[in-house]
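Chemist: pasting the structure only:
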Ligand SMILES: [Zn+2]
């Protein structure tokens, strides 16, 4: 039996007990409560900052305006990020549809900023190619929930835009991506699919 070792252990236990007592003492209660309140307030502020904006519906005048290009000399990256965040949260807050894209005017900001399938684009431009037009069906969060419009859109084309740093990107896009890009670009021109196409759904509403 090692006596010294035992003494050390006893000492250690006593110290630990003292520490625990200090940790769980009522004297700490105000501090703990303060931490809880601080956490709650921080969460509320963050939630408030990231709250989704209401998506405007036609015929709101902001949706009819031609949006202004972003001047990178006058706009900070932080400012752009703030708008994109708001657009993103507003799109994510939608409870139906595929949440494919959103344009800044839809949340009342007439700036040339769009999100297409998760990609943030600034000053987007569409260059037509010889791609044939094809029938597409599209809906919009700024129109009635159940309304689908039949439109004619280019099958593919060149899309160019600037990223948050102002760098130009250029890609040939097709399919759903090309459709969403053309749709969101329309919003920046003050246009929506209800002006470009014809209403096809809901064609019949049967009520028993
Ligand atoms: Zn739309």
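Modeler: Looks like it arrived, so ask away. Bear in mind that the values here come from a model prediction, so they are computed numbers and not experimental data.

Chemist: Model confidence for the residue nearest the centre of the chain, exactly?
Modeler: Taking C-alpha atoms, centre = their mean as the criterion, residue 88 is the residue nearest the geometric centre of the chain, at 0.5 Å. On the pLDDT scale, residue 88 is placed at 96.

Chemist: Contact partners for the residue nearest to it when sequence neighbours are not counted?
Modeler: Using C-beta to C-beta, 6 or more residues apart in numbering and skipping the chain neighbours, the partner closest in space to residue 88 is residue 115 (6.3 Å). C-beta here means a position set from N, CA and C on the backbone, and glycine is covered the same way. Residue 115 makes contacts with 84, 87-88, 91, 101-103, 121, 184, as judged by C-beta atoms under 8 Å, 6 or more residues apart in numbering.

Chemist: give me the beta-bridge partners of residue 115?
Modeler: When bridges are called by DSSP bridges, residue 115 pairs up with residue 102, residue 120.

Chemist: Could you count how many residues lie near residue 100?
Modeler: Close neighbours of residue 100, defined as other C-beta atoms under 10 Å, add up to 19.

Chemist: Repeat that for residue 90.
Modeler: With other C-beta under 10 Å as criterion, residue 90 counts 20.

Chemist: Which element, helix or strand, includes it?
Modeler: For residue 90, the host element (DSSP states H and E) is helix 77-92.

Chemist: what sits up against that helix?
Modeler: 50-55, 70, 99, 101-104, 106-107, 109, 111, 113, 115, 120, 122, 141, 164-165.

Chemist: one more time with 7 Å
Modeler: With C-beta atoms under 7 Å, 6 or more residues apart in numbering as the test, helix 77-92 has contacts from 50, 52-53, 55, 70, 99, 102, 104, 107, 109, 111, 113, 115, 120, 122, 164-165.

Chemist: Please apply the same query to stretch 25-37.
Modeler: For stretch 25-37, there are no external contacting residues (C-beta under 7 Å, 6+ apart).

Chemist: what's the distance between that stretch and the middle of its chain?
Modeler: 37 Å (C-alpha atoms, centre = their mean, to the nearest Å).

Chemist: helix or strand right after the worst-scoring helix or strand of the chain on mean pLDDT?
Modeler: The weakest-scoring helix or strand in the chain, judged by mean pLDDT, DSSP states H and E, is helix 3-23 (a mean of 77). Using DSSP H and E, the helix or strand that follows helix 3-23 in sequence is helix 29-49.

Chemist: What angle do helix 77-92 and that next one make with each other?
Modeler: Calculated by axes from the mean of the first three to the mean of the last three C-alpha atoms, to 10 degrees, helix 29-49 forms an angle of 80 degrees with helix 77-92.

Chemist: how about low-confidence regions in the chain?
Modeler: 1-7, 202-208 (pLDDT under 70).

Chemist: which of the contacts of helix 77-92 are buried?
Modeler: Buried members of the contacts of helix 77-92, counted by 16 or more other C-beta atoms under 10 Å: 55, 70, 99, 102, 104, 107, 109, 111, 113, 115, 120, 122.

Chemist: which of the residues in the helix or strand hosting residue 149 are buried?
Modeler: Secondary structure from DSSP H and E places residue 149 in strand 148-154. Neighbour-count burial for strand 148-154 flags 148-149, 151, 153-154 (criterion: 16+ other C-beta under 10 Å).
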